[in-house]
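# need a 3D model of the sequence below.
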Amino acid sequence: MAYSSTSSEKGNAASAAAAAGGVWNERDELYYLLGFGNSFESEALPNALPRGRNNPRNVPYHLYAEQLNGTAFTSPRSCNRRTWLYRTHPSVHGTSSPLLPPDQLSHSKLFKGNNDDNDDDDDSVVHTIRNKPSCFGHCAPQDLTWDPNPMRWKPFSTNSSSETAQDHDFVSGCHLLASRPEQVSIYVYAFGQNMTSSSSSSSSTLPQMKKKLQHHLYNSDGHFLIVPQGGPDLEIQTELGHLKVGHREIAVLPRGMMFSVNKGKREGQDDDVARGYLLEVEEGHFQLPELGPIGSNGLVNVRDVCHPVASYDATPSTDDSQQQQQHVIWNKFGGQLFGRTQSHSPFNVVAWHGNYVPFKYDLNKFCAIGSVTYDHLDPSMYTVLTVPSHGEAGTALCDFVVFPSNRIMATDSNTLRPPWFHRNVMTEFMGLLDGVYDAKQEDGFQPGGASLHSCMTPHGPDASSYQAAVTNPCTSPTALPPTAGMAFMFETCHKLKLSPFSLSSPHRDLGYATCWDDLDDSSFRNSYKTDEPPLPPT
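Numbering: from 1, shown residues only. Below is the predicted model:
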């Protein structure tokens with residue numbers, strides 16, 4: 001039972017959330033703490049947080065005090081990140097079972113011959129272990145290759161194996177597309193199975209034993225940014241509490257934070273497979289971009305960023321059927337997956353305080369900035385989150401950029417509406433959440449698909465979009481039409497290597513670059529065959 005989210009404990013949840021400044025979210029039916037970069041505190045039981053000190057000899061409710069550090073102890077105060085956790089079991093409890101690769105874990109005693117009368121259940125349990133890849137994203141670093149060509153992929157609907165996405169959970173449903181190992185990696189995900197499930201669920205078709213095998217993941221390598229695109233909303237449980245992440249929302253899960261990802265519900269959505277994009281950064285931390293001359297408002301307003309309130313899974317009593325549950329702890333470490341089992345839930349944090357916290361953000365609330373006179377400005381003005389590089393000042397290890405559907409493209413009559421043709425020292429990966437992207441109005445760039453333009457690889461609007469924009473008289477400011485969608489970009493200072501999945505995927509659009517073939521010099525040559533003078537400057 002998650003004490004701060006069940007109806008029977010809603011009173012405790014409300015008082016705890018109110019004490020910590022929590023705000024009720026009607027859509028998610030959860031309390032959230034609002035802000036960014038500040039220190040929060042939350043408790044699922046009254047007075048569970050120690051006062052006046054962090055690690056007293058006697059913690060309230062006989063809890064264990066544990067610190068989670070996201071930066072070195074000696075990091076400057078302005079960028080130091082840590083959270084104190086007060087939990088029913090310390091994280092070290094259960095580590096006497098060693099972390100093993102998936103193939104070794106599936107052959108451990110826990111999954112061999114424990115239930116001779118229920119072999120089908122045993123097989124289903126072992127399958128949830130064996131279908132986990134040895135390397136997260138189904139790709140080892142040595143299998144990555146360089147390729148500078150422009151890339152585009154049609155919507156990713158299923159996994160690359162013969163199994164469909166319906167057979168996978170979030171961990172096995174992630175596929176690596178591009179990576180600079182130990183710096184930044186980009187994945188797509190598609191999954192139909194939950195990582196955790198309730199033993200009391202009557203609607204699940206999963207075997208009983210499989211229902212009681214709960215999967216959890218923590219990433220020792222870096223931070224995850226999740227961008228859902230299609231299918232059900234995501235219900236993410238973390239050590240610090242719950243997040244519900246829907247369409248046009250994002251979630252950030254810090255390095256080392258234990259979490260599980262399950263499917264929720266999305267109104268009007270019948271698709272049972274959750275799909276989306278995943279960014280991993282292994283250096284620095286996500287932060288809001290500086291506003292500079294913009295002033296004190298705009299882009300992401302800090303009050304719109306949501307953090308979880310404390311919530312914990314109760315320890316079952318000895319006569320409780322939940323005691324049979326086994327929890328599989330997965331660790332992404334050095335790009336590989338390692339797992340172990342334990343008998344208790346890792347979501348046992350009753351109270352916490354600190355600034356190293358997962359969060360979600362609604363992209364519809366992004367306050368876009370644009371030109372009110374002329375020209376199409378740089379896409380950096382749409383930066384939602386940034387991870388600064390330790391190298392050149394002003395250069396990001398990675399930016400997350402959104403192109404809102406309600407923005408005005410330009411105001412004067414002689415500004416090209418779609419983005420200009422471009423070569424960039426940064427690598428640009430784009431995805432489309434819904435609708436149509438104004439610079440790629442042909443059917444090649446579709447929701448759920450992606451494109452990659454590497455360092456100094458030429459790119460820009462396709463021929464038809466460019467010609468339509470050139471001939472458009474633009475007599476008034478251009479607001480995007482209702483059919484306009486929401487696109488986003490992961491932009492990094494690193495050149496990225498590509499995985500076998502990205503290069504050989506049936507979703508790859510091998511004819512992508514032909515969209516520029518009709519951009520020839522015929523108009524330039526024809527302009528000298530008439531008596532008309534060149535257009536004057538404006």
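# tell me if I'm right that residue 453 and residue 459 touch.
Yes: using Cβ atoms under 8 Å as the test, residue 453 is close enough to residue 459 to be in contact (4.2 Å). In short, each C-beta sits where N, CA and C put it, glycine included.
# shared neighbours, these two?
In terms of Cβ atoms under 8 Å, 6 or more residues apart in numbering, residue 453 and residue 459 are both contacted by the residues 150, 422, 428.
# show me which of the residues you listed are buried.
150, 428 (16 or more other Cβ atoms under 10 Å).
# which residues does the one helix or strand residue 487 maps to contact?
In this assignment (DSSP states H and E), residue 487 forms part of strand 486-492. Outside of strand 486-492, the residues within contact range by Cβ under 8 Å, 6+ apart are 180, 183-184, 186, 227, 248, 277, 279, 363, 379, 396-405, 426-435, 437.
# which ones among those are found in strands?
180, 184, 186, 227, 277, 279, 396-403, 427-434 (DSSP state E).
# quick check: residue 459 vs residue 215, distance?
For residue 459, the distance to residue 215 equals 39 Å [Cβ to Cβ, to the nearest Å].
# likewise for residue 505?
Taking Cβ to Cβ, one finds residue 505 at 25 Å from residue 215.
# show me the shaky parts of the stretch 151-300 of the chain.
Filtered on pLDDT under 70, the stretch 151-300 of the chain yields the residue ranges 157-163, 198-212, 266-270.
# now with 90?
Scanning the stretch 151-300 of the chain for pLDDT under 90 picks out 156-167, 197-213, 265-272.
# helices of the stretch 401-538 of the chain, start to end?
Using DSSP state H, counting those that start in this stretch, the helices of the stretch 401-538 of the chain run over 463-471, 500-504, 522-527.
# and what of the chain?
Secondary structure of the chain (DSSP state H): helices at 10-19, 102-105, 119-130, 208-211, 463-471, 500-504, 522-527.
# sorry, back to before: residue 505 and residue 215: which has the busier surroundings?
For residue 505 versus residue 215, neighbours defined as other Cβ atoms under 10 Å are more numerous around residue 215 (23 against 17).
# now the more buried one. Nearest residue, chain neighbours left out?
Using Cβ to Cβ, 6 or more residues apart in numbering and skipping the chain neighbours, the partner closest in space to residue 215 is residue 195 (4.1 Å).
# who's in contact with that neighbour?
Residue 195 sits next to 169-171, 214-217, 260-262 when contact means Cβ under 8 Å, 6+ apart.
# make a PyMOL selection of the buried ones in these.
Remark: buried members of the contacts of residue 195, expressed as a PyMOL selection using 16+ other Cβ under 10 Å:
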select buried, resi 169+170+171+214+215+216+217+260+261+262
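# which of the contacts of residue 195 sits closest to residue 298?
Among those, residue 261 lies closest to residue 298 (Cβ to Cβ), at 31.5 Å.
# the closest one contacts residue 232, doesn't it?
No: using Cβ under 8 Å, residue 261 is not in contact with residue 232; the gap is 10.9 Å.
# so in the protein, where's the weakest helix or strand by average pLDDT?
In the chain, the helix or strand scored least confidently by mean pLDDT, DSSP states H and E is helix 208-211, which has a mean of 40.
# hmm, back to that, going by distance to residue 511, which of the contacts of residue 195 wins?
Using Cβ to Cβ, residue 170 is the member of the contacts of residue 195 that lies nearest residue 511, at 32.1 Å.
# can you verify my assumption that that closest one contacts residue 187?
No: contact status for residue 170 versus residue 187: not in contact, 10.5 Å apart, counting by Cβ under 8 Å.
# what's around the closest residue to residue 134 other than its chain neighbours, how many residues?
Nearest residue to residue 134, sequence neighbours excluded (Cβ to Cβ, 6+ apart): residue 101, at 5.5 Å. Residue 101 has 15 neighbours, counted by other Cβ under 10 Å.
# could you do the one 4 residues further on as well?
Using other Cβ under 10 Å, residue 105 has 24 neighbouring residues.
# for it, give me the pLDDT.
Residue 105 is assigned 87 on the pLDDT scale.
# residue contacts, the residue nearest to it when sequence neighbours are not counted?
By the measure of Cβ to Cβ, 6+ apart, the closest residue to residue 105 outside its immediate chain neighbours is residue 339, 4.7 Å from it. Taking Cβ under 8 Å, 6+ apart as the criterion, residue 339 is in contact with 99-102, 105, 129, 132, 328-331.
# just want the most central residue of this structure.
residue 226 (0.7 Å; Cα atoms, centre = their mean).
# verify the contact between that one and residue 259 for me.
No: Residue 226 is beyond contact range of residue 259, at 9.8 Å (criterion: Cβ under 8 Å).
# which neighbours do the two share?
Shared contacts of residue 226 and residue 259 (Cβ under 8 Å, 6+ apart): 236, 253.
# related to what we said a few turns ago, and which of the contacts of residue 339 is nearest to residue 79?
The closest of those to residue 79 turns out to be residue 331 (Cβ to Cβ; 25.5 Å).
# nearest spatial neighbour of the closest one, chain-adjacent residues omitted?
Once flanking residues are discounted, residue 331 sits nearest to residue 338: 4.8 Å by Cβ to Cβ, 6+ apart.
# residues touching the one you found, list them.
Applying Cβ under 8 Å, 6+ apart, one finds that residue 338 lies in contact with 99-101, 330-331.
# need those in CSV (columns: pLDDT and distance to residue 307).
Putting those into CSV (pLDDT from 0 to 100; distance: Cβ to Cβ, whole Å) gives the following:
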residue, pLDDT, distance to residue 307
99, 92, 29
100, 92, 33
101, 90, 34
330, 96, 24
331, 97, 24
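# among those residues, which one sits closest to residue 59?
Scanning the contacts of residue 338 for proximity to residue 59, where the rule is Cβ to Cβ, the winner is residue 331, at 26.4 Å.
# my guess is that closest one contacts residue 100. True?
No: between residue 331 and residue 100 there is no contact under Cβ under 8 Å: 10.3 Å.
# which of these two has more residues huddled nearby?
Higher neighbour count among residue 331 and residue 100: residue 331, with 20 against 17, using other Cβ under 10 Å.
# measure the more buried one to residue 185 for me?
Counting by Cβ to Cβ - residue 331 and residue 185 are separated by 16 Å.
# do residue 374 as well
Residue 374 is 38 Å from residue 185, by Cβ to Cβ.
# could you do residue 424 as well?
Between residue 424 and residue 185 the computed distance is 20 Å (Cβ to Cβ).
# which one of those two is surrounded by more residues?
Using other Cβ under 10 Å, the more surrounded residue of residue 424 and residue 185 is residue 185, with 31 against 16.
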